[in-house]
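Student: Predicted structure and sequence below. I'll ask about it afterward.
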Amino acid sequence: MIHTKPLNNTIPAREKLLVSILTPAYNEADIIEKSVQTIYDYMQQLEDEYDWELVVVNDGSRDNTGKLADELARTKDNMRVIHHKINRNLGGALQTGFRHCRGDYVIVLDIDLTYAPYHIERLLVEAVETDADIVVASPYMKGGKTTKIPFKRELLSRAMNKLLRWTSPADLHTYTGMVRAYKREFLQNLNLKSNTYTINPEIINKACILRSRIQEIPAHLDWSEQSKVVSRTSSIKILSGIFSGLMTGFIFRPYAFFMTIGGILSLISIYVIGWIFVNTFAIYPDIAVGARDVEQAFSLSVATVFQDRPYSFFVGGVTLILALQFLSLGFLSLQSKRYFDELFHLGSSIFKNSNNAVVK
């Protein structure tokens, strides 16, 4: 069940939780020291409420990110750094981080702090109060906002999230965002495949299949610092983002694409065939006067309409055939999707039992 509701900062009475702050880093030598210190300054204010750790995944950085992270970890007892020898992209970095986090809850945060650290407590409060498996920080829901995001980037992001909202069973506003809170128990039983940014919608998709509880809170995505650095989004990257978004949406609900196309083609074919019949019956009385019988009159009427508008018959016939094909594919993909969901649910149960057996 998916819920979206306004933020409530009241923390219920409970035992002290261990929270893991997970942040992937790739070529972030210029900002990692400042960002880590900012996180520490904020989390120290919450030490009466939570025990916590910071887990940094150096994702094969080519600059001094790894070295600087190691130096920071030597001076901070609750900071750990995991290194990738090569860049494994966001999906790979998150999967590595999930395996190494020890907290009851895992908070994923951008190392550039485009979502300020105060989102950590907001995510935790919502997760604890609602017993959610996932809490998403959403700049696109009511109460959220964005600041100084490059136009192309924001346009692409909003379009992709609108598409995913249409195809997903989860009623969320942000599917591609990385900043979230997770129950570690939920992550331990989740088998992930994606190595790219599509890992974020993949998690939502699989959480829906497992009927996990997902919440969403308003957030502020602030690019004020990033906007000072000149960056250009290439046409290839934009096209790649659009293609990835379409494929992710297709995986969410493939039958929606087929049935939508089939529905549009059905409407076109009904309109064209309807036009043919209207014009046929419009000229039928005049032709019937000289015809032997009704059958001949009707045939001559159709032939007259065909001579006048032959392409109408072609368009009506082709669109009708294509509509039936796409609708058939839609029903088949719906059946396949349900089979996949059941198999994934069964596989996840086996995976969970295997993990529990290893722990015991």
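Tutor: Great, that's in hand.

Student: what's the burial count for the nearest residue to residue 347 once chain neighbours are set aside?
Tutor: Counting by Cβ to Cβ, 6 or more residues apart in numbering, residue 191 is the residue found nearest to residue 347 once chain neighbours are left out, at 7.2 Å. Just so you know, the C-beta spots here come from the backbone N, C-alpha and C atoms, and that holds for glycine as well. Neighbour count for residue 191, taken as other Cβ atoms under 10 Å: 10.

Student: So that it lines up with my notes, have the first residue be 606 from now on.
Tutor: In the new count, where the first residue is 606, that last one comes out as residue 796.

Student: okay, residue 796: pLDDT?
Tutor: On the pLDDT scale, residue 796 is placed at 85.

Student: Can you tell me how far it is from residue 703?
Tutor: Distance, residue 796 to residue 703, by Cβ to Cβ, to the nearest Å: 11 Å.

Student: do residue 633 as well
Tutor: Distance of residue 633 to residue 703, computed by Cβ to Cβ: 20 Å.

Student: Please apply the same query to residue 818.
Tutor: The gap separating residue 818 from residue 703 is 18 Å, by Cβ to Cβ.

Student: How about residue 876?
Tutor: Residue 876 is 52 Å from residue 703, where distance means Cβ to Cβ.

Student: between those two, which one's more packed in?
Tutor: residue 703 (21 against 13).

Student: And what about that one, helix, strand or coil?
Tutor: Using DSSP: H, G, I helix; E, B strand; the rest coil, the structure places residue 703 in helix.

Student: Return the residues in contact with it.
Tutor: Residues near residue 703 by Cβ atoms under 8 Å, 6 or more residues apart in numbering: 627, 711, 787, 792, 797.

Student: same check, this time on residue 697
Tutor: Residue 697 neighbours (Cβ under 8 Å, 6+ apart): 664, 689, 800.

Student: now swap in residue 783 and tell me
Tutor: Counting by Cβ under 8 Å, 6+ apart, residue 783 has contacts 695, 699, 713, 715, 802, 805.

Student: want to try a markdown table for these, with neighbour count, distance to residue 761 and pLDDT as columns?
Tutor: Listed next are the contacts of residue 783 as a markdown table, based on neighbours: other Cβ atoms under 10 Å; distance: Cβ to Cβ, whole Å; pLDDT from 0 to 100:
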| residue | neighbour count | distance to residue 761 | pLDDT |
| --- | --- | --- | --- |
| 695 | 20 | 16 | 92 |
| 699 | 26 | 21 | 96 |
| 713 | 24 | 21 | 97 |
| 715 | 17 | 17 | 94 |
| 802 | 18 | 12 | 85 |
| 805 | 24 | 15 | 92 |
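
Student: Filter those down to just the ones in helices.
Tutor: Applying DSSP state H to these, the entries found in helices are 695, 699, 805.

Student: Not counting its neighbours along the chain, what's nearest the last one?
Tutor: Leaving out its chain neighbours, the residue that sits closest to residue 805 by Cβ to Cβ, 6+ apart is residue 781, at 5.3 Å.

Student: cool, the first one as well?
Tutor: In space, residue 695 comes closest to residue 802 once its chain neighbours are excluded; the distance is 5.0 Å by Cβ to Cβ, 6+ apart.

Student: Tabulate the ones in helices among the contacts of residue 783 (CSV), appending distance to residue 719.
Tutor: Shown next, in CSV, are these (distance: Cβ to Cβ, whole Å):
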residue, distance to residue 719
695, 14
699, 16
805, 15
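
Student: Just give me the closest of the residues you listed to residue 685.
Tutor: Checking the ones in helices among the contacts of residue 783 against residue 685 with Cβ to Cβ, the nearest one is residue 699 at 15.4 Å.

Student: Would you check that the closest one makes contact with residue 802?
Tutor: No: counting by Cβ atoms under 8 Å, residue 699 sits too far from residue 802 to count as a contact (9.6 Å).

Student: At which residues are the strands of this protein located?
Tutor: Using DSSP state E, the strands found in the chain span residues 607-609, 622-630, 655-664, 684-689, 710-713, 739-743, 750-752, 785-788, 819-823, 825-827.

Student: can you tell which of those strands is closest to residue 727?
Tutor: Nearest to residue 727, of the strands of the chain and by Cβ to Cβ, is strand 819-823 at 5.7 Å.

Student: ok, back up a step: can the contacts of residue 783 go into JSON lines with extra columns for distance to residue 739?
Tutor: Listed next are those as JSON lines, based on distance: Cβ to Cβ, whole Å:
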{"residue": "695", "distance to residue 739": "17"}
{"residue": "699", "distance to residue 739": "13"}
{"residue": "713", "distance to residue 739": "10"}
{"residue": "715", "distance to residue 739": "17"}
{"residue": "802", "distance to residue 739": "17"}
{"residue": "805", "distance to residue 739": "10"}
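
Student: how much space between the residue lying closest to residue 759 once chain neighbours are set aside and residue 733?
Tutor: Closest residue to residue 759 apart from its sequence neighbours, by Cβ to Cβ, 6+ apart: residue 751 at 6.2 Å. Separation of residue 751 from residue 733 (Cβ to Cβ): 27 Å.

Student: again with residue 882
Tutor: Distance, residue 882 to residue 733, using Cβ to Cβ: 64 Å.

Student: neighbour count winner among those two?
Tutor: Neighbours were counted for residue 882 and for residue 733 using other Cβ under 10 Å; residue 733 has more, 18 against 12.

Student: wait, that one sits on residue 622?
Tutor: Yes: here residue 733 reaches residue 622: they are 7.4 Å apart, a contact under Cβ under 8 Å.

Student: what pLDDT does residue 836 get?
Tutor: 52.

Student: same deal with residue 946?
Tutor: So residue 946 comes in at 68 (pLDDT).

Student: go on, the one 5 residues further on?
Tutor: The per-residue pLDDT reported for residue 951 equals 67.
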